[in-house]
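Visitor: Take a look and give me a structure for this.
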Amino acid sequence: MIESANLQGLLAFVHAVEAGSFTRAANRLHLTKSAVGKAVAQLEGRLGIRLLNRTTRRLNLTPEGEAYYEACVRALGELDAAQSLLASRRERPSGRLRIDLPMAFGRRCAVPVLFDLIGRYPELDMEMSFNDRRVDLIEEGFDLTIRFGPLDDTPSLKARRLFAQRSTMFAAPGYLNARGRPTSLDELAGHALIAYGRDGIIAPWYLRDAEGRPRVMRPRGRLVIGHGEPLLDAAVAGCGIAYLPDWLVHEHLARGELEVVLDHPWHESAEVHALWPATRTLAPKIRVVVDALIAAFAAAPWRDLGTASPG
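Guide: Numbering: from 1, shown residues only. Next comes the predicted model:
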């Protein structure tokens, strides 16, 4: 029988190896750095072998430690699978779900779905974070994330497609009345363009010319903004022409605050997926969230905007 002290040392050891330091392992386990170091040292004492070589910069596995780590991962995987199986048989999502969301999309589109689930499942707790960088789910301890764009070929993660984002060009009527409405893509060079950019990288615009041929335009933005909502605000304020996605723009388009420029066809600008760490059995808390997001996005009013050329 594994005693609680042995199990604590085992968990501390595995998290230290995966995180690369006692400090990051402590953050993941909600313990102090000294507590993690002490638990690993006590585990080594009970086993009578050194598992880790410690330096000021990093931790390195000894040969014995590497063999023990692989055995621990297998054992914890079996335990996780057994717990997931029991939870799935209960059919009610429970426990804490740590989810990372893109800032603007998460707040506008995902959060209402998650709030509804919290109300429906009293045993389900959630911890939400919002940012536009690509988090490392395993190292940072997240259960689920929503990611725009191409997926990395990472066998340790599972993914499910949520929808395809569609985008096109927009401007405020006041701006177009003052500066004129462009009649071709070439005329965009004479207009103020609002571009999305971060860390010196400008996001391209995926367009089609008058003959329907695809074109990739890299806008020379008079205004460059690294967040979707201020980008939208700038377009509504009449600062210029912006390339915006369906989920962000639909309410302003319906209110007449924005117009489609050139009556341009919508373009599938990004695939959107839910990602989670791979396990043998999908935990109910993840399954119910992913299913709810897919259903909600399929019925969202902004999905109809991108199914055909707006007119």
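
Visitor: Settle this for me: residue 266 is touching residue 166, isn't it.
Guide: Yes - between residue 266 and residue 166 there is a contact at 4.2 Å, judged by C-beta atoms under 8 Å. To be clear about C-beta, it is placed using only N, CA and C from the backbone, and glycine gets the same treatment.

Visitor: Could I get the full set of helices for the stretch 101-250 of the chain?
Guide: Listed from the start of the chain, the stretch 101-250 of the chain has helices (DSSP state H, counting those that start in this stretch) covering 103-105, 111-120, 137-140, 173-179, 228-236, 246-254.

Visitor: Can you say which of those helices is nearest to residue 130?
Guide: helix 103-105 (4.9 Å; C-beta to C-beta).

Visitor: and the lowest-mean-pLDDT helix or strand in the chain, what other elements does it pack with?
Guide: Across the helices and strands of the chain, mean confidence by mean pLDDT, DSSP states H and E is lowest for helix 63-90: a mean of 79. Helix 63-90 is packed against helix 4-19, helix 284-298, with contacts defined by 3 or more C-beta pairs under 8 Å, 6 or more residues apart in numbering; DSSP states H and E.

Visitor: Check the offset of the next helix-or-strand element following the first one from the chain's centre.
Guide: In this case it means helix 4-19. Using DSSP states H and E, the helix or strand that follows helix 4-19 towards the C-terminus is helix 22-29. Relative to its chain's centre, helix 22-29 lies at 22 Å (C-alpha atoms, centre = their mean, to the nearest Å).

Visitor: Strands of the stretch 101-250 of the chain, start to end?
Guide: With DSSP state E, counting those that start in this stretch as the definition, the stretch 101-250 of the chain shows strands at residue ranges 124-130, 144-148, 157-171, 193-198, 201-202, 205-208, 214-217, 223-225, 241-245.

Visitor: winner for burial among these?
Guide: Among the strands of the stretch 101-250 of the chain, judged by mean count of other C-beta atoms under 10 Å, the one packed with the most neighbours on average is strand 241-245 (a mean of 26).
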